[in-house]
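*Asks:* sharing a sequence plus its predicted fold:
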Amino acid sequence: MDRAALEREVASAGWVIESGYSENLIIGNAGDLCILLPERSWQGADTEYELYDVEKNVACWVRAIHNTLLCGEVATGARPDTRC
């Protein structure tokens, strides 16, 4: 999947794409929650994405792009049984 396709997928899941930070990183924001997709994500080498809760300073890695509500629950541990 190329960068543009990943950006569309992130946006369709409710994330606001932050542009201008880096050519090597896609950043999606939803309040205090961020999803970070490194360059290797669209080069096919890795399909893990980082979820980061800015307020709680907690991060976790996921393998799928989910909507912002589910990701918030996963990142904070409210849904430990969820496999992403």
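*Replies:* Thanks, I have it.

*Asks:* can I assume Ile35 is in contact with Ile27?
*Replies:* Yes. With contact taken as Cβ atoms under 8 Å, Ile35 and Ile27 are classed as touching, separated by 7.4 Å. Heads up, the C-betas are built off the backbone N, CA and C, glycines and all.

*Asks:* between the two, who's got more neighbours?
*Replies:* Per other Cβ atoms under 10 Å, whichever of Ile35 and Ile27 has more neighbours is Ile35, with 23 against 18.

*Asks:* where do the strands sit along this protein?
*Replies:* Taking DSSP state E as the test, the strands found in the chain are 16-18, 25-30, 33-38, 49-53, 58-62.

*Asks:* redo those strands as CSV? Include distance to Ala5 and mean pLDDT.
*Replies:* Written out in CSV, the entries for the strands of the chain read as follows (distance: least, Cβ to Cβ, whole Å; pLDDT from 0 to 100):
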stretch, distance to Ala5, mean pLDDT
strand 16-18, 13, 93
strand 25-30, 11, 92
strand 33-38, 11, 90
strand 49-53, 14, 87
strand 58-62, 18, 84
